[in-house]
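> next comes the sequence, and after it the predicted model I'd like to discuss.
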Amino acid sequence: MHLTKDQVEGDFRRVHTHLPKDRDLTEPTQLLTEARGILREKFLAADIGVTGANFLVAETGTSIIVTNEGNGDLTQILPKCHIVIASIEKITPTLEDVSQLLRVLARSATGQEMSVYTTLSTGPRRPGDLDGPEEYHVVLLDNGRSSMIGTDFQHMLRCIRCGACMNHCPVYHAVGGHAYGWVYPGPMGAVLTPSLIGVEKGGQLPNASTFCGRCESVCPMRIPLPGMMRHWREREFERHLTPSSMRYGLGLWAWVAQRPKLYRLGTRIVMHVMGYYARKTGKFYAMPFASGWTDWRDLPAPQGKTFQSEWKKRRGAK
Amino acid sequence: MSARDEILSNIRRSLRVNGAEGPRRAAVEARLSGSPRGVVPARGQLDAKERIGLFKKMAESAFASVAIVQRPGEVPAEAARWLRDNNLPAALRMGEDKRLADMPWGDTALELAQGASDGRDLNAVSHAFAGVAESGTLIMTSGPDNPSTLNFLPDNHIVVLSGADLAGDYESVFERLREAYGKGVMPRTVNMITGPSRSADIAQTMLLGAHGPRKLHIVIVDAA
């Protein structure tokens, strides 16, 4: 999803060397057909299929996966053994409770009424069955969930991973998923990641928010995401976890910003130098002290003038 | 202390409970045994006649095709017509479902095969356990009657749905599953299927036929 059509074609040609070299892969449908054929063989040959679960049902001991492709179904129906790995907050009491969640999941994720395949699996192959796994194992994983109960972050355990908060987040749209640096991106990741890996390591994520509140307003589970990001910021501040480079950097900026002449001179020089170095491409691919940005995306370069000088010029021209 | 005990005691500590409280156990018991329904959208509560129209509309908007016939005896001819119109081979795989077996397949020129699919069949026909009008969803249950591989491996899937089995909402179908299999008991696999397989992973373009069927044709048998 994060690659272009041409990148997919390049990877396919590099890896699928047994297929004719002169085959046409210009259309997405040709790429999809090739992926379908290659993966179908892998599904048919696999001994063990591992899936997650969107939901687990206590009433019946059922695990549920939701896909549009059918990949999850081939994974669990063809191999001899199906292993489900799911964290404990996926457990719902009854099938009626799951019905409520299914109604909001696809709508909030992709705008569909219902995803194409919602599959309820309960145990291994039964007597008389002609297909299905001979063994069925469910591994319930805590992974930090039980210690979230009773804290400010308990709401996060309601999350059904629909992605609505990401679909509507201006920060996520600007920086992309990789910039979040861990499993869960977007607003829900900014709240969940510090809970799972600690605010010492994940503390910058809840700071990367404009607090516009769209995530909370579109969340079908009514999770108060900005409020919880605020909690993390408070904790980070209380524990003096802001890195010293950031504290000194902000202190230095404040010192300069209080001296307008120095500020104007300094910014003029920096903008001029940066604009000169990037005059050909208009962007930086690498930058000292900013690899956290440039490792993942290009940094747009200033065009040589400062905002203040441009402002003065345009106002003067009126 | 096992990992399970550790997790449970962690949860109890966080909730400040010991797990043996009467009212808490009673609440869980009532929820599981009563399985109360939540909010059901108005369009999930239509009468039998309106349901068929809504089901057709919703299934077609999910890119399935829908045909309505009046008697089970008309299904083979409809299946043959659909395969012919889509320029597909006149061959079909099906399970042991008696409702399908009783249909006059001999009146068509279709070549029939029985049992689960090994991934080499182009076309299959299955009988649905139920349908849900709310979202145009088919409910398929596993077993020798309708092996689950038929829902996924063939390129083209025909599903027969009896009009009497068409429910308004998911909850009604789950209630019917309880009646058929017993409370707390489920078939090994229940597939809820809404349209043919698709993916939008390449270039954000929605394409049909990712890993499951490229085409899904639903034949509703409606005596009314």
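Done, it's in.
> show me where pLDDT drops low in the chain?
Since you didn't name a chain, this refers to chain A. Chain A contains residues with pLDDT under 70 at A:1-2, A:317-318.
> please go with chain B instead
Low-confidence segments of chain B (pLDDT under 70): B:203, B:224.
> in it, what residue is nearest chain A?
residue B:212 (3.1 Å; CB to the nearest CB). For every residue, glycine as well, the C-beta is placed using N, CA and C.
> helices of the stretch 151-300 of chain A, residue ranges please.
With DSSP state H, counting those that start in this stretch as the criterion, the stretch 151-300 of chain A has helices at A:164-167, A:170-175, A:186-197, A:199-202, A:204-207, A:214-218, A:225-238, A:244-257, A:260-277, A:291-294.
> most tightly packed of those?
Most buried of the helices of the stretch 151-300 of chain A, by mean neighbour count (mean count of other CB atoms under 10 Å in any protein chain shown): helix A:186-197, with a mean of 24.
> tell me the contacts of the residue most central in space within chain B?
Closest to where the C-alpha atoms of chain B average out (CA atoms, centre = their mean) is residue B:139, at 2.0 Å. Contacts of residue B:139 were listed using CB atoms under 8 Å, 6 or more residues apart in numbering or on different chains, and they are B:128-132, B:173, B:190-192.
> that one pairs with what?
Beta bridges link residue B:139 to residue B:130, residue B:192 when assigned by DSSP bridges.
> please give the element, helix or strand, for the nearest residue to residue B:79 once chain neighbours are set aside.
Nearest residue to residue B:79 in three dimensions, chain neighbours excluded: residue B:158, at 5.3 Å (CB to CB, 6 or more residues apart in numbering or on different chains). Per DSSP states H and E: residue B:158 is located in strand B:156-162.
> tell me the spacing between residue B:45 and residue B:134.
Note on residue B:45: its distance to residue B:134, by CB to CB, to the nearest Å, is 9 Å.
> list of residues touching stretch B:165-173?
If you take CB under 8 Å, 6+ apart as the criterion, stretch B:165-173 is touched by A:95-96, A:99, A:102-103, B:37, B:40-41, B:43-46, B:48, B:51-52, B:55, B:128-134, B:137, B:139, B:176, B:192, B:220.
> circling back: tell me what the strand holding residue B:158 is packed against?
Counting contacts by 3 or more CB pairs under 8 Å, 6 or more residues apart in numbering or on different chains; DSSP states H and E, strand B:156-162 is packed against helix B:75-85, helix B:98-101, strand B:123-127, strand B:137-141, strand B:215-221.
> downstream of that strand, the next helix or strand is which one?
Sequence-wise, the next helix or strand downstream of strand B:156-162 (DSSP H and E) is strand B:166-167.
> give the next helix or strand downstream of that next one.
Sequence order places helix B:170-181 as the next helix or strand after strand B:166-167, per DSSP H and E.
> and that next one, what's buried?
B:170-175, B:177-178 (16 or more other CB atoms under 10 Å in any protein chain shown).
> what do you get for stretch A:130-140?
For stretch A:130-140, the buried set under the neighbour-count rule, 16+ other CB under 10 Å, comprises A:130-133, A:136, A:138, A:140.
> do the same with stretch B:8-24
Residues of stretch B:8-24 classed as buried: B:11-12 (neighbour count, 16+ other CB under 10 Å).
> what about dumping the CA coordinates of that stretch to CSV?
The C-alpha trace of stretch B:8-24 is given here as CSV (Å, rounded to 0.1, in the frame of the first residue of the first chain):
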residue,chain,number,x,y,z
LEU,B,8,-6.1,-13.0,35.5
SER,B,9,-4.7,-11.8,38.9
ASN,B,10,-3.2,-8.7,37.2
ILE,B,11,-6.7,-7.9,35.8
ARG,B,12,-8.3,-8.5,39.2
ARG,B,13,-5.7,-6.3,40.9
SER,B,14,-6.3,-3.5,38.4
LEU,B,15,-10.1,-3.8,38.8
ARG,B,16,-9.7,-4.1,42.6
VAL,B,17,-11.8,-7.3,42.7
ASN,B,18,-11.1,-10.9,43.6
GLY,B,19,-13.1,-12.6,40.9
ALA,B,20,-15.5,-14.3,43.3
GLU,B,21,-18.0,-11.4,43.8
GLY,B,22,-21.6,-12.6,43.4
PRO,B,23,-23.0,-9.6,41.5
ARG,B,24,-20.1,-9.6,39.0
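> list the contacts of whichever residue of the stretch 51-200 of chain A sits closest to chain B.
With CB to the nearest CB, the shortest gap between the stretch 51-200 of chain A and chain B falls at residue A:70, namely 3.1 Å. By CB under 8 Å, 6+ apart, the residues touching residue A:70 are A:116-117, B:152, B:197, B:210-212.
> please repeat the previous calculation with a cut-off of 7 Å.
A:117, B:152, B:197, B:210-212 (CB atoms under 7 Å, 6 or more residues apart in numbering or on different chains).
> walk me through the domains of chain A.
Following automatic domain parsing, one gets these domains for chain A: A:34-141, A:147-238, A:256-317.
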